[in-house]
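Chemist: What follows is a predicted structure for the sequence shown.
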Amino acid sequence: MTALAPELSRFLREHLPRDQRASPHTCDAYAYSFQLLVIFAARQLQKAPSQLEVEDIGVPMILSFLEHIERDRGNSARSRNARLAAIKSFFRFLEYRVPACLDQSLRVRDIPVKKTDQTLVTSLTRAEIQALIDAPDPKIIYGARDRAMLHLAFSAGLRVSELVGLQLDQLELRSPATIHVIGKGRRERVLPLWKEGVIALKAWLAVRQQRHDGALFLNAAGFAMTRSGFEYILAKHAHTAAQSLPSIAAKRVTPHVLRHSCAQHMLRATRDIRKVALWLGHANLQSTEIYLRADPTDKLEALAAASSPTLQPGTFSPPDKLIAMLKETRHSNYAE
């Protein structure tokens, strides 16, 4: 039997950052996936998490876990596939370190990903974004922080990992004000900041606690803001904003919805999908094409430019009511 904790620690702390040169965001996402998995497996087996063994994480356990995060946690098929990708990566790592786990690893790697629907992205209107940013109270410390976070998440189109991972040295408030973002796959981009965003950030920095870790956004305990912490903050202010603009209540407002909203507004403003891809940090245009499907502007222009087939004029004559009644009576008699 092989203890899980030492191997998982080597995978997350050594293999991913050193050998695979995975970004901090990827390491964080993988660690969170295994946090969910370990907690689930420990409850199922009634063991302490540190007592789990690699053999405990077999195909049946993984399938039960994937079903759990979809059914009980409400995760999408995409999130399920992301958790599965982290698990498969770990078992590929084990193949070379623990030969006894080779057969188990091969069976785990055969677990298929779940097909996902190509649904339209959800985004907020300009008025809804404004109501959301106005929800925090800027007269209190955490209201200033929340307003700066919400404005930056929307205006820069940041992934939640990019937002909570920002450091003070990535921010440049001297003209021209910019932010240096390190995204997925270690792809870096520099984005200009809106004047309103600079004002919000300066208001937060004026009251921010002095910490040695250098994180831009801190939680109430004075540590770097976490993904779940921002999700809680966003949900709280979305509820407040819905009281002044009820249309928000009909939408599921998540950190990625703010990113989608930025993309939609950028696409309408620039009419250039390449600029949107650069702004969001996409590796290729295929990832950005989802916003073209959701934006009707180009489709309306195509409709206006094309000529529709003509229709011959004519009028519809409704059937005589008496004849219709008689036909209906005949059919009912046959049915009996």
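Modeler: Structure's in. What do you need?
Chemist: use CA for all of it now, contacts and neighbours both
Modeler: Will do.
Chemist: Tell me who's in contact with the residue nearest the centre of the chain.
Modeler: By C-alpha atoms, centre = their mean, the chain has its centre lying nearest to His256, at 4.0 Å. His256 makes contact with 159-160 under the criterion C-alpha atoms under 8 Å, 6 or more residues apart in numbering.
Chemist: cool, and Ile179?
Modeler: Counted by C-alpha under 8 Å, 6+ apart, Ile179 has contacts 170-172, 190-193.
Chemist: Kindly report the same for Pro192.
Modeler: Pro192 sits in contact with 176-179, where contact means C-alpha under 8 Å, 6+ apart.
Chemist: partners of Leu191 in the sheet?
Modeler: The partner list for Leu191 in beta bridges (DSSP bridges) reads Ile179.
Chemist: And it, how far from His180?
Modeler: Going from Leu191 to His180 by C-alpha to C-alpha, to the nearest Å gives 7 Å.
Chemist: Kindly report the same for Leu36.
Modeler: As for Leu36, its distance to His180 is 31 Å (criterion: C-alpha to C-alpha).
Chemist: out of those two, which sits in the more crowded spot?
Modeler: Neighbours were counted for Leu36 and for His180 using other C-alpha atoms under 10 Å; His180 has more, 16 against 13.
Chemist: Pretty sure the more buried one sits against Leu171.
Modeler: Yes: counting by C-alpha atoms under 8 Å, Leu171 is a contact partner of His180 at 6.5 Å.
Chemist: Which residue ranges of the stretch 51-200 of the chain form helices?
Modeler: 59-71, 77-97, 102-109, 126-134, 141-155, 160-164, 195-207 (DSSP state H, counting those that start in this stretch).
Chemist: and the fourth one, which residues are buried?
Modeler: Along helix 126-134, the positions that meet the burial threshold by neighbour count (16 or more other C-alpha atoms under 10 Å) are 128-129, 131-134.
Chemist: Which of those sits closest to Phe217?
Modeler: Phe217 lies nearest to Ile133 out of the buried residues of helix 126-134, by C-alpha to C-alpha, at 16.3 Å.
Chemist: What about the contacts of Ile179, which one has the most neighbours?
Modeler: Result: Leu193 is most packed of the contacts of Ile179 (other C-alpha under 10 Å), 20 neighbours.
Chemist: Burial check on Gly148, number of neighbours?
Modeler: Check again: residue 148 is Ala, not Gly. 25.
Chemist: now swap in Lys321 and tell me
Modeler: Neighbour tally, Lys321, other C-alpha under 10 Å: 9.
Chemist: can you check Ser23 too?
Modeler: 18.
Chemist: Could you tell me the phi and psi values at it?
Modeler: phi -70, psi 160 (degrees, to the nearest 10).
Chemist: Could you give the number of residues near the nearest residue to it once chain neighbours are set aside?
Modeler: In this structure, Ser23 finds its nearest non-sequential neighbour in Arg186, 5.5 Å apart by C-alpha to C-alpha, 6 or more residues apart in numbering. The tally of other residues near Arg186 (other C-alpha under 10 Å) stands at 14.
Chemist: what do you get for Ile323?
Modeler: 10.
Chemist: Show the low-confidence segments of the stretch 1-150 of the chain, by residue range.
Modeler: Applying pLDDT under 70 to the stretch 1-150 of the chain flags the ranges 117-118.
Chemist: One more pass at 80, please.
Modeler: 1, 23-25, 116-120 (pLDDT under 80).
Chemist: Show me which of the contacts of Pro192 are buried.
Modeler: Of the contacts of Pro192, these count as buried by 16+ other C-alpha under 10 Å: 178-179.
Chemist: Format the contacts of Pro192 as JSON lines; extra columns: distance to Cys101 and pLDDT.
Modeler: Below are the contacts of Pro192 laid out as JSON lines (distance: C-alpha to C-alpha, whole Å; pLDDT from 0 to 100):
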{"residue": "Pro176", "distance to Cys101": "55", "pLDDT": "89"}
{"residue": "Ala177", "distance to Cys101": "52", "pLDDT": "92"}
{"residue": "Thr178", "distance to Cys101": "48", "pLDDT": "93"}
{"residue": "Ile179", "distance to Cys101": "45", "pLDDT": "93"}
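Chemist: host element of Ile39?
Modeler: Element membership for Ile39 (DSSP states H and E) is helix 24-45.
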